[in-house]
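Enquirer: sequence and predicted structure are below.
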Amino acid sequence: MGRPDSHGAVELDRDTMADHRAGTNMGRRSMAVGAVVIAATLCSCVSAAAQSLAEVRLADSKYRYVDWNYTWGSGVVVDLFYIGVPGSNEFNLGGGYSFKRGPLVVTPLIYAVLGREDSQRGVKVALLVAFEQDGWKLLSFVGSYLPVSGSVTRYQVLDTLDLTRKIGSQWDAGIQSGVFHSGGAWNPQVGPVLKLNDHLGAWAVSYRFGPQNELRVGRVLTF
């Protein structure tokens with residue numbers, strides 16, 4: 001900030017304040033656009049052949065994840081999830097549309113992101129991919145966070161990428177991986193995963209090796 005008796009500095013301060021107001025307005029417009037897109041997605045739904053999915057994941061690294069997903073027969077999706085790690089609690093509210101071609105389902109998604117810490121506000125664009133054929137299953141979620149306000153910077157995340165093979169009537173076994181990238185730093189993890197399928201959904205246990213090894217347990221419910 002300039003000294004009050006310096007005309008040039010005062011003018012610079014005024015310009016800085018104007019830029020700040022413009023940036024704030026732009027951030028608000030971005031959030032508003034995201035909200036309109038999500039609302040439009042939800043309002044276009046039909047009620048045929050709908051399905052709900054709920055998922056919980058916990059890890060010894062204090063990672064925690066809770067998700068609720070609803071898909072209409074038309075392919076419209078609403079997805080709300082919370083993800084937490086030490087020092088960060090993030091809420092994602094969004095939706096998208098599923099495109100199905102044979103055994104492949106591709107779902108582009110957009111979220112409004114609200115963080116409890118650091119005044120975090122932003123938008124996340126993501127892609128969910130599912131493939132199942134001849135006993136093989138692939139499931140992947142990749143996203144990119146774009147900040148609107150707050151001190152949380154842009155990041156990219158792959159969480160998770162599962163490739164499994166059916167074993168017997170109830171079990172799936174394979175590899176699980178994940179990557180978090182922010183500020184030029186990469187945090188990759190990969191390791192074995194075992195899933196037990198039942199009439200309600202599936203249990204999953206994985207151990208991921210990386211800069212921080214991590215034991216995860218998860219439960220998926222479909223209804």
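Expert: Yes, it's here.

Enquirer: mind listing the strands for the chain?
Expert: 51-59, 64-71, 76-85, 88-97, 99-101, 104-115, 121-133, 136-149, 155-167, 171-182, 185-198, 201-208, 214-222 (DSSP state E).

Enquirer: in stretch 86-101, what counts as buried?
Expert: The neighbour-count check on stretch 86-101 (16 or more other C-beta atoms under 10 Å) flags 90, 91, 92, 93, 94, 95, 96, 97, 98 as buried. No exception for glycine: its C-beta is placed from N, CA and C like everyone else's.

Enquirer: can I get those residues in JSON lines with pLDDT and distance to residue 189?
Expert: JSON lines is the format used below for the buried residues of stretch 86-101 (pLDDT from 0 to 100; distance: C-beta to C-beta, whole Å):
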{"residue": "90", "pLDDT": "98", "distance to residue 189": "19"}
{"residue": "91", "pLDDT": "98", "distance to residue 189": "23"}
{"residue": "92", "pLDDT": "98", "distance to residue 189": "20"}
{"residue": "93", "pLDDT": "98", "distance to residue 189": "26"}
{"residue": "94", "pLDDT": "98", "distance to residue 189": "25"}
{"residue": "95", "pLDDT": "98", "distance to residue 189": "28"}
{"residue": "96", "pLDDT": "98", "distance to residue 189": "26"}
{"residue": "97", "pLDDT": "98", "distance to residue 189": "30"}
{"residue": "98", "pLDDT": "97", "distance to residue 189": "27"}
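
Enquirer: can you redo the residues you listed as a markdown table with distance to residue 196?
Expert: Below are these laid out as a markdown table (distance: C-beta to C-beta, whole Å):
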| residue | distance to residue 196 |
| --- | --- |
| 90 | 29 |
| 91 | 29 |
| 92 | 27 |
| 93 | 31 |
| 94 | 30 |
| 95 | 30 |
| 96 | 29 |
| 97 | 31 |
| 98 | 26 |
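
Enquirer: let me know the closest of the residues you listed to residue 78.
Expert: Checking the buried residues of stretch 86-101 against residue 78 with C-beta to C-beta, the nearest one is residue 95 at 4.4 Å.

Enquirer: so how far is residue 106 from the closest one?
Expert: As for residue 95, its distance to residue 106 is 15 Å (criterion: C-beta to C-beta, to the nearest Å).

Enquirer: hey, what's residue 159 bridged with?
Expert: Beta-bridge partners recorded for residue 159 (DSSP bridges): residue 178.

Enquirer: quick one: the residue most central in space within the chain from residue 183, how far?
Expert: Closest residue to the average C-alpha location of the chain: residue 143 at 5.8 Å, with C-alpha atoms, centre = their mean. Relative to residue 183, residue 143 is positioned 17 Å away (C-beta to C-beta).
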